[in-house]
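A.B. asks: heads up, no residue letters with this:
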């Protein structure tokens, strides 16, 4: 009888400890933490690409129908600011995203800070967005989208235009920076 009681106590203690320790296990990374890491790396990579092109080639465009290197950068910055300020945060954007495309006559030294601040603003918007709002729907021109989808769109758009910039570097005989992924 005493042995049975001792076994029951041990079993209960084991179960209690198991239930208590279970939450202490490493939790899987959240979508947001993974996206923030990805966004930081994408920003670093994009800035590396932008810095490699000489100032004298910022007006370069492969064909008349394409945007220039500067226009690609300003378009990317404008898109980040628009999506972030419209759908992810209430914080004031550092620039009027509608006026950025008109800054094409500015030198590289003026464009890089615009890109840096736009990347940082978008990153902050993602960081400060509560996880509970990721699945919140917003009214978007392509139909209702979640804030998570807006973040994914922002990332995809940046990747699309950075890839074009890499082609511009190659066409100018410049080896692009080593890829930075996750």
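C.D. replies: Arrived safely, thanks for sending. Nothing here was measured: the structure is a model prediction, and the numbers come from that model.
A.B. asks: low-confidence ranges, this structure, go.
C.D. replies: Across the chain, the ranges flagged by pLDDT under 70 are 1-29.
A.B. asks: show me what the top helix by length along it is packed against.
C.D. replies: In the chain, taking DSSP state H as the definition, the longest helix is helix 147-171. In this structure, helix 147-171 packs against helix 31-52, helix 69-83, with contacts taken as 3 or more C-beta pairs under 8 Å, 6 or more residues apart in numbering; DSSP states H and E. From N, CA and C alone the C-beta is placed, and that goes for glycine too.
A.B. asks: turn the ones you listed into TSV, including distance to residue 127.
C.D. replies: Shown next, in TSV, are those (distance: least, C-beta to C-beta, whole Å):
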stretch	distance to residue 127
helix 31-52	6
helix 69-83	14
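A.B. asks: deepest of these, which one?
C.D. replies: When you average the neighbours per residue for each of the helices and strands packed on helix 147-171 (mean count of other C-beta atoms under 10 Å), helix 69-83 leads with a mean of 23.
A.B. asks: relative to the whole chain's centre, how far out is it?
C.D. replies: Helix 69-83 has its C-alpha centroid displaced from the chain centroid by 13 Å (C-alpha atoms, centre = their mean, to the nearest Å).
A.B. asks: neighbouring contacts of the longest helix of the chain?
C.D. replies: Around helix 147-171, the neighbours that count as contacts under C-beta atoms under 8 Å, 6 or more residues apart in numbering are 31, 35, 38-39, 42, 45-46, 49-50, 52-53, 57, 60-62, 66-67, 69, 72-73, 75-76, 79-80, 83-84, 87-88, 122, 126, 129, 133-136, 138, 140, 145, 175-176.
A.B. asks: could you give me the buried positions within that helix?
C.D. replies: For helix 147-171, the buried set under the neighbour-count rule, 16 or more other C-beta atoms under 10 Å, comprises 147-151, 153-155, 158, 161-162, 165-166, 168-169.
A.B. asks: between that helix and helix 69-83, how many degrees?
C.D. replies: 170 degrees (axes from the mean of the first three to the mean of the last three C-alpha atoms, to 10 degrees).
A.B. asks: wait, residue 57 touches residue 69, no?
C.D. replies: Yes - counting by C-beta atoms under 8 Å, residue 57 touches residue 69, with 6.4 Å between them.
A.B. asks: how about the residue minimising distance to the centre of the chain, nearest residue that isn't a chain neighbour?
C.D. replies: For the chain, residue 39 is the residue whose C-alpha lies nearest the centre (C-alpha atoms, centre = their mean; 3.1 Å). In space, and not counting its chain neighbours, residue 39 is closest to residue 123: 5.3 Å by C-beta to C-beta, 6 or more residues apart in numbering.
A.B. asks: many thanks, I have nothing further to ask.
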